[in-house]
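Enquirer: Quick one, what's the 3D model for this:
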Amino acid sequence: MAPFAGNNMLVLYSCSATSSSKYFVQILHNEHPIPMPGCGNSDMCPFEVFKERIVAPHMKHDYHAVCNVKLEKLEQKPTKRKFSQLFHRLFSPRNDNNTGFLKDDL
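Expert: Sure, this is the predicted structure:
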């Protein structure tokens, strides 16, 4: 479980040309290496393998279809709430019939 202020990092390493892959990816959670199931539970994964086994399955969704959500028009709420209307009626000047309501309210 991650603490409230967890730190997650993806680190890209550039290695010498003597290995089969020039770039490697490491995932760190709170500065601790995390084994990647798509890379044989190793905490270092060749970049090409990382893209193919870990990134590609998450890229199956169309970004524009997911992120272009049409917001429904929000219903506008009245500016005066019942509580403010009550105060208005209680503290407004009273009319002649002593009901506490203005003639405009009736």
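
Enquirer: what bits of this protein have low per-residue confidence?
Expert: 1-3, 17-19, 69-83, 86-88, 94-106 (pLDDT under 70).

Enquirer: do that again at 50, thanks
Expert: Along the chain, segments meeting pLDDT under 50 span 74, 106.

Enquirer: Strands along that one, start to end?
Expert: 8-14, 23-29, 32-33, 44-46 (DSSP state E).

Enquirer: so what strands line up beside the third one?
Expert: Which is strand 32-33. strand 23-29 (antiparallel) (DSSP bridges).

Enquirer: between the strand it pairs with and strand 8-14, how big is the angle?
Expert: 160 degrees (axes from the mean of the first three to the mean of the last three Cα atoms, to 10 degrees).

Enquirer: how close does Leu12 get to His29?
Expert: Leu12 is 16 Å from His29, where distance means Cβ to Cβ, to the nearest Å. C-beta: built from backbone N, CA, C; applies to glycine.

Enquirer: Then Ala65?
Expert: Distance from Ala65 to His29, by Cβ to Cβ: 31 Å.

Enquirer: Neighbour count for the two, which is higher?
Expert: More neighbours surround His29 than the other of Ala65 and His29, with 12 against 8 (other Cβ atoms under 10 Å).
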